[in-house]
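Enquirer: build me a model:
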Amino acid sequence: MPTNFPEYVDVDYDDGDGEDPVDYQHINDKIEKAIEVTRDGLEQYENPAVMWTGGKDSTLVLYFVKEVAEQYDLEVPPAIFIDHYQHFDAIHDFVDRWADEWDLDVIYARNEDIGQYVGENDLEPGDDIPVDELGDHNRHHVENILEYEEETFPFLLDTYAGNHLLKTVALNDALEEYDVDGVISGVRWDEQEARADETFFSPRHDPDIYPPHDRVQPILQFDEAAVWEAFWNFVVPDTVAEFPDGGYVPQSDDDLPNDLTQDDIPVSPKYFAGFRSLGSEISTEKSDEDPAWLQDLEGTTERAGRAQDKEDLMERLRDLGYM
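Expert: Predicted structure coming up:
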């Protein structure tokens, strides 16, 4: 381990190597492993943080963090929400609602340099931003890290330059500002090919690319169906007092028990509306009209509506620090 990463961290970086979701066949096996990894993450790192997008995976991780913290008398770390300026309004509303409900400390990571230029020039997604209008920090990333040679880049999340500047730079700046040493995230093996070889504790120690830290990944072993099984049988019943203790799977947006509404449930309304993966408002499409958990999860691709995946950018973006 490099000397610039804290020596107090003692985790098994090979844990999960060569495994996949079928190695954890029952939902209880998946939950048991998630609890184990989450506990290590909260105990091993002095300044951990939870990545929270408002999506199902990161909200499931947040559930485990809250449950483990309560069970073992540990602190709930702050949540980092990357505001890339192109979220669905419903995502902001959901995060605000449940951050207040769960009394969370939320760090809003933004690339303020780009946000200010966009605001001052009244730009819309897809409009070009001149590289020479950026500050030194962003120009360094564009010219030296991305080796991007164009004079402009589009203000669009799901592109190579746009994704890196709006999400990864914003995240890395927040990690540095808050001295975060462990990032607890909702990455899954089955979600995207570039994530299939991840381990439960994944080092990110190269100071030339990102502030040295570890990625703690408690739900690698969940597939999409298991995430929803966990939600309707554990997350929602444990969170919402009026929800049936034995669980319940709603068949539509108006099929919630005991007069509950979508606002009462810690599941983004975008999933009720047919989205299976939440990216930007501009470049993410719904998969079907049915709620996400009722769609053909085995026969179709979860992230088919995400433009960054269509453009095969994920591997390059993850090398630069993307989740």
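Enquirer: the helices in the chain, which residues?
Expert: 27-44, 56-71, 89-101, 112-120, 136-140, 160-163, 169-177, 224-230, 236-239, 269-272, 307-310, 314-319 (DSSP state H).
Enquirer: let me have those helices in a markdown table, adding mean pLDDT and distance to residue 10 as columns.
Expert: Where you see a C-beta, it was placed from the backbone N, CA and C, and this is true even at glycine. Output for the helices of the chain, formatted as a markdown table (pLDDT from 0 to 100; distance: least, Cβ to Cβ, whole Å):
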| stretch | mean pLDDT | distance to residue 10 |
| --- | --- | --- |
| helix 27-44 | 98 | 7 |
| helix 56-71 | 98 | 18 |
| helix 89-101 | 96 | 32 |
| helix 112-120 | 96 | 36 |
| helix 136-140 | 96 | 33 |
| helix 160-163 | 91 | 33 |
| helix 169-177 | 96 | 21 |
| helix 224-230 | 97 | 29 |
| helix 236-239 | 97 | 31 |
| helix 269-272 | 94 | 38 |
| helix 307-310 | 48 | 35 |
| helix 314-319 | 66 | 25 |
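Enquirer: closest one to residue 213 among those?
Expert: For these, the distance to residue 213 is smallest for helix 169-177, at 5.8 Å, taking Cβ to Cβ.
Enquirer: check which helices and strands the closest one sits against.
Expert: Applying 3 or more Cβ pairs under 8 Å, 6 or more residues apart in numbering; DSSP states H and E, one finds that helix 169-177 contacts strand 79-82, strand 106-109, helix 136-140.
Enquirer: mind redoing it with 6 Å?
Expert: strand 79-82, strand 106-109 (3 or more Cβ pairs under 6 Å, 6 or more residues apart in numbering; DSSP states H and E).
Enquirer: ok, residues contacting the first one?
Expert: Under the contact criterion Cβ atoms under 6 Å, 6 or more residues apart in numbering, strand 79-82 has outside partners 49-52, 95, 104, 106-109, 167, 170-171, 174.
Enquirer: ok, that strand: who's next to it in the sheet?
Expert: Note on strand 79-82: by DSSP bridges, its sheet partners are strand 48-51 (parallel), strand 106-109 (parallel).
Enquirer: for the last one, the distance to its chain's centre please.
Expert: Taking Cα atoms, centre = their mean, to the nearest Å, the mean C-alpha location of strand 106-109 is offset from the chain mean by 13 Å.
Enquirer: what residues sit buried inside that strand?
Expert: Using 16 or more other Cβ atoms under 10 Å as the test for burial, strand 106-109 gives 106-107, 109.
Enquirer: quick check: buried residues in stretch 118-130?
Expert: Neighbour-count burial for stretch 118-130 flags 118, 123, 125, 129 (criterion: 16+ other Cβ under 10 Å).
Enquirer: out of these, who's nearest residue 28?
Expert: residue 125 (42.9 Å).
Enquirer: number of residues surrounding the closest residue to the closest one other than its chain neighbours?
Expert: Of all residues not flanking residue 125 in the chain, residue 282 sits nearest, at 4.4 Å (Cβ to Cβ, 6 or more residues apart in numbering). Neighbour count for residue 282, taken as other Cβ atoms under 10 Å: 15.
Enquirer: residue 186 and residue 216, how far apart?
Expert: Residue 186 sits 11 Å away from residue 216, going by Cβ to Cβ, to the nearest Å.
Enquirer: and residue 116, by the same measure?
Expert: Note on residue 116: its distance to residue 216, by Cβ to Cβ, is 33 Å.
Enquirer: what does residue 265 give?
Expert: In this structure, residue 265 and residue 216 are 27 Å apart, going by Cβ to Cβ.
Enquirer: from residue 39, how far out is residue 21?
Expert: Counting by Cβ to Cβ, the gap from residue 21 to residue 39 is 21 Å.
Enquirer: what sits closest to residue 114 if chain neighbours are left out?
Expert: Leaving aside its sequence neighbours, residue 114 sits nearest to residue 165 (Cβ to Cβ, 6+ apart; 6.0 Å).
Enquirer: next, the contact list for residue 157, please.
Expert: Shown in contact with residue 157 (Cβ under 6 Å, 6+ apart): 84, 86, 163, 166, 280.
Enquirer: check the nearest residue to the first one once chain neighbours are set aside and give its pLDDT.
Expert: The shortest distance from residue 84 to any residue other than its chain neighbours is 4.1 Å, reached at residue 166 (Cβ to Cβ, 6+ apart). Taken from the predicted model, the pLDDT recorded for residue 166 is 95.
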